[in-house]
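**Student:** sequence and predicted model, in that order:
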Amino acid sequence: MTSTHGLCYTGTPAGILSWWSPTSTTAPAPALKEKYDITNPKMNPLNPQGLKRCCACPETKSARDACFLQNGSEEGKCAELLQKHVECMRGLGFNI
């Protein structure tokens, strides 16, 4: 077959595949991995009980909440309790 530019195309050389080649020797695309679920103990060993954010670290959460209810958002009043809660959540693998 001849192109409009006078070049002759006989196909692709042996062993070379093109985008338009009808067959492919490449491996199939890998299956999509399951979306990471922080509450799945198999995916997140730091959270063996599979706790959700709302139920994780109830002790530090209640202390933090009580402090904020009592003191409002005054600078530094609840910083230590807040830090303990953040550390607890991160210890379970939550990104906060």
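**Tutor:** Cool, got the structure. Everything quoted here is computed from the prediction, not taken from an experiment.
**Student:** which parts of this structure are helices?
**Tutor:** According to DSSP state H, the chain carries its helices in the segments 58-71, 79-91.
**Student:** ok, which of those helices comes nearest Lys35?
**Tutor:** Nearest to Lys35, of all these, is helix 79-91, at 20.4 Å by C-beta to C-beta. (Glycine included, C-beta is placed from N, CA and C.)
**Student:** tell me the spacing between the closest residue to Ala63 other than its chain neighbours and Asn47.
**Tutor:** Among residues not flanking Ala63 along the chain, Leu81 sits closest, at 5.1 Å (C-beta to C-beta, 6 or more residues apart in numbering). Distance of Leu81 to Asn47, given as C-beta to C-beta, to the nearest Å: 22 Å.
**Student:** then Ala79?
**Tutor:** Using C-beta to C-beta, we find Ala79 at a distance of 25 Å from Asn47.
**Student:** quick one: which of those two has more around it?
**Tutor:** Taking other C-beta atoms under 10 Å, Ala79 and Asn47 do not tie; Asn47 has more neighbours (19 against 10).
**Student:** so that one sits against Arg53, correct?
**Tutor:** No - taking contacts as C-beta atoms under 8 Å, Asn47 lies outside contact range of Arg53: 10.3 Å.
**Student:** before we move on, the earlier item: wait, the residue nearest to Ala63 touches Gln70, no?
**Tutor:** No - checked against C-beta under 8 Å, the pair Leu81 and Gln70 is beyond contact range at 10.8 Å.
**Student:** so which of those two has more stuff around it?
**Tutor:** Leu81 (18 against 10).
**Student:** contact partners for that one?
**Tutor:** Contact analysis of Leu81 by C-beta atoms under 8 Å, 6 or more residues apart in numbering lists Thr60, Ala63, Arg64, Cys67.
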